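**Q** please work out how this folds:
(one chain, ligands or ions: 2)
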Amino acid sequence: MHRHVVSASLLALTSTAPLLRAQDPVVLTTASGTNGADTYIQFGVPDSNLSTQTAIVVKYGGNNTATTNRKIYLRFDTASLQKPAAAAKLDLTVALNNGGGSGAAAVPNAQNFTLAIYGLNDGATAGNGFLGEDWAETALTWNNAPANIVSGAGAGNAVREGTSTTDGGEATLLGSFNVTDVQSAGILAMALEGQTLVDFLNADTDGLVTFIITRTGWSLGQGSPTTTQGNSNLTFHSKEGTNPAFAPTLTVTPGAADDFRILSITYPTPASGALITWRSGVGRTYRVESSVDLSDWTNELVDGWPIGGATGDTTAYEDASIPPGTPARYYRVLEE
Ligand SMILES: [Ca+2]
Ligand SMILES: [Ca+2]
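**A** Ligands and ions are numbered 1, 2, ... in the order given. Sure, this is the predicted structure:
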């Protein structure tokens, strides 16, 4: 077992920079995974659950007591995402944009809307009558929705903002977006993209990411609508709609693991091989190669490691195949 006498001082370690392989974007909808959800809540029916409808509705009647006030809640199951994310965007598809009314009485003219989008704080827990970020889709109502302002100031088009994660938690304003009078049924509306969204996703710890959308602004669109903000309609397709492609969609491009490098090479027991430990990204897999001359790296020790993807920010692989008498052995780890 000459392996035992291979001196650590004769072993060198190297790590490559993260390979700049193109990472395919991952597309999640509110139907993905086991925890995806989409629904809306309405002030006028504060104990009703509206989660099975084919459209999700956002409305602001211009005051905090309008029975038509509605807010959208979306949750994506991000447990399968490789982290960290490098880029992300959230898209909704318009189902209805008009000046108000319904059926033959509907005012057909599309309108201009401004919407606010919030992220529910990671780790928000249930309490005081409010659900946590694990809210059940079929249980969410106006009265129990996390971070919702149930009545009074802000109830019409805002949520509780702050850092709290108890009693349903609070939320952070991530941005705002517009749906304009040229965006009618079937047209995609990008709700959010960029670093704020990326940071929000990367800060998540439990694979549950909830967005809350409220309507903050409205202006006249095409033609001469006779309606008020309270009457104008804006809805988006839910995952219960007939076309799965119209469900709310979160597109995430994985980035390289932070601080990717080999952390150590050790010999845990005299009978074992070299244990190589490196900085990993959750969900990532790696290839480990060895070389005797830092030139020929064709000796692949393992790929697809760890099986199922890394579960933490460090991953290790034991090389128990060091030939007797090896004078030096170099390692490198490649992110797949
Ligand atoms: Ca739904
Ligand atoms: Ca979370």
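
**Q** near ligand 1, which residues of this structure?
**A** Where the chain comes near ligand 1, counting by C-beta under 5 Å from the ion, the residues are 38-39, 51, 238. C-beta: built from backbone N, CA, C; applies to glycine.

**Q** which of these fall within strands?
**A** Using DSSP state E, the members of the residues of the chain next to ligand 1 that fall in strands are 38-39.

**Q** just the buried subset of the residues of the chain next to ligand 1, please.
**A** Neighbour-count burial (16 or more other C-beta atoms under 10 Å) applied to these gives 38-39, 51, 238.

**Q** pLDDT and distance to ligand 2 added to the residues you listed, as CSV?
**A** CSV is the format used below for those (pLDDT from 0 to 100; distance: C-beta to the ion, whole Å):
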residue, pLDDT, distance to ligand 2
Asp38, 98, 16
Thr39, 98, 17
Ser51, 98, 19
Ser238, 98, 21
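
**Q** mind putting the residues you listed in a markdown table, distance to Asp167 included?
**A** Converted to a markdown table, those look like this (distance: C-beta to C-beta, whole Å):
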| residue | distance to Asp167 |
| --- | --- |
| Asp38 | 23 |
| Thr39 | 20 |
| Ser51 | 22 |
| Ser238 | 27 |
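
**Q** can you tell me the residue of the stretch 151-300 of the chain closest to ligand 1?
**A** Ser238 (4.5 Å; C-beta to the ion).

**Q** pretty sure that residue contacts Ile72?
**A** No. Look at Ser238 against Ile72 with C-beta atoms under 8 Å: they stay out of range, at 9.2 Å.

**Q** shared neighbours, the two?
**A** Here Ser238 and Ile72 have 38-39, 56 as joint contacts, going by C-beta atoms under 8 Å, 6 or more residues apart in numbering.

**Q** does Arg70 touch Tyr40 like I think?
**A** Yes. If you go by C-beta under 8 Å, Arg70 and Tyr40 touch, sitting 5.1 Å apart.

**Q** between the two, who's got more neighbours?
**A** Of the pair Arg70 and Tyr40, Arg70 is the one with more neighbours under other C-beta atoms under 10 Å, namely 27 against 24.

**Q** okay, the more buried one and ligand 2: tell me how far apart.
**A** Plainly put, Arg70 is 24 Å away from ligand 2 if you go by C-beta to the ion, to the nearest Å.

**Q** related to what we said a few turns ago, between the shared contacts of Ser238 and Ile72, which sits nearest Thr311?
**A** Of all those, Thr311 sits closest to Asp38, with 28.5 Å by C-beta to C-beta.

**Q** bridged to the residue nearest to Lys59 when sequence neighbours are not counted, which residues?
**A** Closest residue to Lys59 apart from its sequence neighbours, by C-beta to C-beta, 6 or more residues apart in numbering: Arg70 at 4.3 Å. The partner list for Arg70 in beta bridges (DSSP bridges) reads Gln42, Lys59.

**Q** show the model's pLDDT score for Ala256.
**A** Looking at Ala256, its pLDDT reads 65.
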